[in-house]
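1. below is the structure, and that's it, no one-letter string:
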Ligand code: MG
């Protein structure tokens, strides 16, 4: 008998997906406004980073992305606490929700200097508080970049588990999450693959801690997008997307910009969170962004 790898993985995950339906974020179910409820079928909710959306003013950006059917907006975390009122007001009469909040903290968690670790913990908490007020799905962080002097891997992982437990529980109290982002080796060797990130999240034992995937980094580090998402399963709560050769708008790298296999994995884990643009654009984003949304919807259909 020939074992078909695809159907084997598909069968294996269907049980996991069933379990996931009553999963670790059941505590959010009483608050549908958070958009964190698991529904019966996976959905593609497209989000866009503020800096990716064309337009001078925030309102202009939001008008444009909303017209494309984009449903989430991702903000930078630095100084977010000073923008909470402005953002709440501007989103008041819109369907758009705040998706994730991207980094913006000071220092780095696995620094070899405890003062830098503390600075990072403290500044992340400020961003987490603001993210919670905005109903965000989570605050994205990386433990360190390659150029940031850090503890050896073993010590770093042990330290990180405690930090993520504290931050994850704090995020949960604020009705949001922390989202660990694996990066490609050019940026960080510490955590490069989604499965490793998910394993760190599992060991953290906090319902406020989760992992995310970024198709850009995955291009270089994962052997199979679908398998990577399946490995993360219910621990996965955000995805970034970009073209796969130059980190531009999906579609601008032609045939390379294939997300079907990854999208299939997202469908199989009954993914309910956002896929958010984190990319540049070679062409005018007023043209390339609508084309990218179309490409994503077509590929999601195919998956
Ligand atoms: Mg990213």
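-> Sure, I can see it. Predicted model, so just to flag it, every value in this text is computed and none were measured. Residues are numbered from 1 along each chain as shown.
2. what's the neighbour count on the residue in the stretch 51-200 of the chain that the ion sits nearest to?
-> Going by Cβ to the ion, the ion is nearest to residue 181 of the stretch 51-200 of the chain, at 5.6 Å. For glycine as for every other residue, the C-beta is placed from the backbone atoms N, C-alpha and C. Neighbour count of residue 181, defined by other Cβ atoms under 10 Å: 24.
3. residue 113 now?
-> 13.
4. okay, now residue 260: neighbour count?
-> 15.
5. that one contacts residue 301, correct?
-> No. Using Cβ atoms under 8 Å, residue 260 makes no contact with residue 301, being 9.4 Å away.
6. pull out the buried positions in the host helix or strand of residue 165.
-> Secondary structure assignment for residue 165, by DSSP states H and E: helix 153-173. Buried residues in helix 153-173, defined by neighbour count with 16 or more other Cβ atoms under 10 Å: 156-157, 159-161, 163-172.
7. closest one to residue 211 out of those residues, please.
-> For these, the residue nearest residue 211 by Cβ to Cβ is residue 164; the value is 10.5 Å.
8. in space, what's closest to that closest one - neighbours in sequence excluded?
-> Once flanking residues are discounted, residue 164 sits nearest to residue 204: 4.3 Å by Cβ to Cβ, 6 or more residues apart in numbering.
9. same question for residue 215.
-> With sequence-adjacent residues excluded and distances taken as Cβ to Cβ, 6+ apart, residue 215 is closest to residue 241, at 4.9 Å.
10. bridging residues for the one you found?
-> For residue 241, the beta-bridge partners under DSSP bridges are residue 277.
11. tally of neighbours for it?
-> 26.
12. that one against residue 279, yeah?
-> Yes. Counting by Cβ under 8 Å, residue 241 touches residue 279, with 7.2 Å between them.
13. overlap of the contact sets of the two?
-> 216, 250 (Cβ atoms under 8 Å, 6 or more residues apart in numbering).
14. doesn't residue 46 fall inside a strand?
-> Yes. The assignment for residue 46 (DSSP: H, G, I helix; E, B strand; the rest coil) places it in a strand.
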